[in-house]
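# No letters, just coordinates:
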């Protein structure tokens, strides 16, 4: 049976970055990168709806080791895919990727310090099995096979086309047609201005508003600096400027939310018609960053509204009809195409069933350790980015931390790294403090966190640098053991145990 030092699951932005860090920091380890789909890219290959783009700048969504060189800081999906293709070609990662390899189960055995991983491969889903010493999950946080799709009254009566953005038909022709986009998140706000020039009409139908901010698609200062400095130096300066600006803005939303709300409304008002009902359509009930802000590059959504090419309607659905949607207010929106931009369906651990020494792993009964490992679960890490900043900032740090753990095990002759749970007196809180519907619906599937210590999940890049890049691994929590060490199998995932005073190593 094949054995690997590390198995990376997922060849999206996280998995490709993880492979690079392994190449850089653990060059003597054997690894493979399993990707369930037929090509790399993850989110950026899966979503193919009109206008697909990042909602973070590419100087922070890009990797810390590979400068972003294109002019647009807010990049479209094809540009991001080119960046990922370049990355795997430059450092040899491409040879490690196994496409159409879907992991179907994983079982940890403390006696051998190995994961046994089941998978299916190829178009025929041929079963296979291998073992690995460390399992690194980089498959993201949502299901690829389904999106969040509420059932609406009267759907069967509608004679037009109903489309979910996650499964966009490439042959969909909406030229001259009436389109209603249900939703008010980043996907809806991308679709509306992208479809408006071609469609007959586009209406964004939302139950409640979202905070929206405009930003230039091209960063003039960044482009100037890149002409003046070496590429890596310029990238580092721009990256840190953007990180600090993001952190400052988020801090303002926590300490002075009313001032931030007022400023966001002023910026939106400057882009919209003078008599526009801003309070109804762009003033949410919650504070900025209680849910993720929506970024509209070059004010494209506002421009479409101002030009009369798009409309925002804030109302609830009474029922679908044969030719559209009747709202609770009594108004009817005519539609030939209805797009249900209603969100994601979240999952933990890539949806992979797992056992630890024969016991099924319920990750919701564990605590998160430094935001990427799980108490009582050995040699397992997963990537989950920030809710208030770019995903890749946390992905890079997570991969660096995994490399530190792997190198520590090699240096000490140990084969297992297992975080200990906190004691029973630790106050457990939800893994994320975030009120977006897609998060709230799934919190019971994710681990807990504590209010302090390494079990706390930071939404702060600088704190995570200190915790993951520079903090000692001898924290008394992460235990290093040899295969079959006494007591290893007795520490059940999620079990409350006293906190150790020193690492076993």
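Perfect, thanks for sending it. Note that the structure is a prediction, hence the values are computed from the model and not measured.

# from here on, contacts and neighbour counts on C-alpha atoms
OK.

# close enough to count as contact, residue 445 and residue 363?
Yes - with contacts counted by Cα atoms under 8 Å, residue 445 reaches residue 363, the gap being 7.1 Å.

# anything in contact with each of those two?
Contact criterion Cα atoms under 8 Å, 6 or more residues apart in numbering; residues shared by residue 445 and residue 363: residue 348.

# how close does residue 125 get to residue 104?
Distance of residue 125 to residue 104, computed by Cα to Cα, to the nearest Å: 11 Å.

# Who has more neighbours out of these two?
Legend: neighbour count by other Cα atoms under 10 Å for residue 125 and residue 104, higher for residue 104 (17 against 12).

# nearest residue to that one other than its sequence neighbours?
Nearest residue to residue 104, sequence neighbours excluded (Cα to Cα, 6 or more residues apart in numbering): residue 119, at 5.0 Å.

# List the neighbouring strands of whatever helix or strand that neighbour lives in plus their orientation.
For residue 119, the host element (DSSP states H and E) is strand 114-121. Here strand 114-121 is paired, per DSSP bridges, with strand 101-109 (antiparallel), strand 126-137 (antiparallel).

# With mean pLDDT and distance to residue 393 as added columns, please give these in CSV.
Converted to CSV, the strands paired with strand 114-121 look like this (pLDDT from 0 to 100; distance: least, Cα to Cα, whole Å):
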stretch, mean pLDDT, distance to residue 393
strand 101-109, 98, 26
strand 126-137, 98, 16
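
# now the ones you listed as CSV including distance to residue 171?
Below are the strands paired with strand 114-121 laid out as CSV (distance: least, Cα to Cα, whole Å):
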stretch, distance to residue 171
strand 101-109, 28
strand 126-137, 31
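
# What separation do you get for the residue nearest to residue 104 and residue 257?
48 Å.

# again with residue 306
From residue 306 across to residue 257, the span is 28 Å (Cα to Cα).

# pLDDT below threshold where in the protein?
485-505 (pLDDT under 70).

# Can you mark which positions in the lengthiest helix in it are buried?
Secondary structure assigned by DSSP state H gives helix 231-255 as the longest helix of the chain. Neighbour-count burial for helix 231-255 flags 234-239, 242-243, 246-247, 250, 253 (criterion: 16 or more other Cα atoms under 10 Å).

# Now do the end-to-end distance for stretch 370-378.
First-to-last residue span, stretch 370-378, Cα to Cα: 14 Å.

# That should have said stretch 276-285, apologies.
End to end - Cα to Cα - stretch 276-285 spans 18 Å.

# Do you have the helices of the stretch 201-350 of the chain handy? List them.
220-228, 231-255, 257-271, 278-281, 300-306 (DSSP state H, counting those that start in this stretch).

# mind listing what's buried in the third one?
When you say that, I think you mean helix 257-271. Buried residues in helix 257-271 (16+ other Cα under 10 Å): 257, 260-261, 264-265, 268-269, 271.

# Repeat that for the fourth one.
Of the residues in helix 278-281, those buried by neighbour count under the rule 16+ other Cα under 10 Å are 278, 281.

# who does it touch, helix- and strand-wise?
Taking 3 or more Cα pairs under 8 Å, 6 or more residues apart in numbering; DSSP states H and E as contact, the helices and strands that helix 278-281 lies on are helix 257-271, strand 310-314.

# mind redoing it with 7 Å?
Judged by 3 or more Cα pairs under 7 Å, 6 or more residues apart in numbering; DSSP states H and E, helix 278-281 is in contact with strand 310-314.

# which residues touch the strand it packs on?
Contacting residues not belonging to strand 310-314 are listed as 192, 196, 201-208, 280-281, 304-305 [Cα atoms under 7 Å, 6 or more residues apart in numbering].

# Pull out the buried members of those.
Buried residues within the contacts of strand 310-314, defined by neighbour count using 16+ other Cα under 10 Å: 192, 196, 201-206, 208, 281, 304-305.

# picking that back up, just so I know, which of the strands paired with strand 114-121 lies nearest residue 434?
strand 126-137 (22.7 Å; Cα to Cα).

# and that closest one, how far from the chain's centre?
23 Å (Cα atoms, centre = their mean, to the nearest Å).

# what residues does it touch?
For strand 126-137, contacts defined as Cα under 7 Å, 6+ apart pick out 1-10, 113-121, 349-350, 379-383.

# Go through that strand and flag the buried ones.
Buried residues in strand 126-137, defined by neighbour count with 16+ other Cα under 10 Å: 128-137.

# Nearest to residue 483, out of these: which one, please.
residue 133 (10.6 Å).

# where's the closest one relative to residue 408, distance?
14 Å.

# before we move on, the earlier item: could I get the contacting residues of the residue nearest to residue 104?
Residue 119 neighbours (Cα under 7 Å, 6+ apart): 101-105, 127-129.

# got those as CSV, with distance to residue 332 columns?
Formatted as CSV, the contacts of residue 119 follow (distance: Cα to Cα, whole Å):
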residue, distance to residue 332
101, 47
102, 44
103, 46
104, 46
105, 48
127, 51
128, 53
129, 55
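
# Now do the end-to-end distance for stretch 381-397.
With Cα to Cα applied, stretch 381-397 spans 12 Å between its terminal residues.

# And that stretch, how far out from the chain middle?
The answer for stretch 381-397 is 7 Å, by Cα atoms, centre = their mean.

# Next: stretch 328-338.
Centroid displacement of stretch 328-338 relative to its chain, using Cα atoms, centre = their mean, is 32 Å.

# and it, which residues are buried?
For stretch 328-338, the neighbour count (16+ other Cα under 10 Å) marks 332-338 as buried.

# Most widely separated two among the residues you listed?
Going by Cα to Cα, the pair spanning the buried residues of stretch 328-338 furthest: 332 and 337, at 14.2 Å.

# any idea where the strands of the stretch 301-450 of the chain begin and end?
Under the criterion DSSP state E, counting those that start in this stretch, the stretch 301-450 of the chain carries strands at the ranges 310-314, 317-321, 324-327, 332-334, 337-340, 354-356, 359-360, 368-369, 373-374, 380-382, 416-419, 428-430, 448-450.

# Distance to residue 474 added to these, as JSON lines?
Output for these, formatted as JSON lines (distance: least, Cα to Cα, whole Å):
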{"stretch": "strand 310-314", "distance to residue 474": "53"}
{"stretch": "strand 317-321", "distance to residue 474": "56"}
{"stretch": "strand 324-327", "distance to residue 474": "59"}
{"stretch": "strand 332-334", "distance to residue 474": "61"}
{"stretch": "strand 337-340", "distance to residue 474": "49"}
{"stretch": "strand 354-356", "distance to residue 474": "24"}
{"stretch": "strand 359-360", "distance to residue 474": "28"}
{"stretch": "strand 368-369", "distance to residue 474": "14"}
{"stretch": "strand 373-374", "distance to residue 474": "15"}
{"stretch": "strand 380-382", "distance to residue 474": "18"}
{"stretch": "strand 416-419", "distance to residue 474": "11"}
{"stretch": "strand 428-430", "distance to residue 474": "23"}
{"stretch": "strand 448-450", "distance to residue 474": "19"}
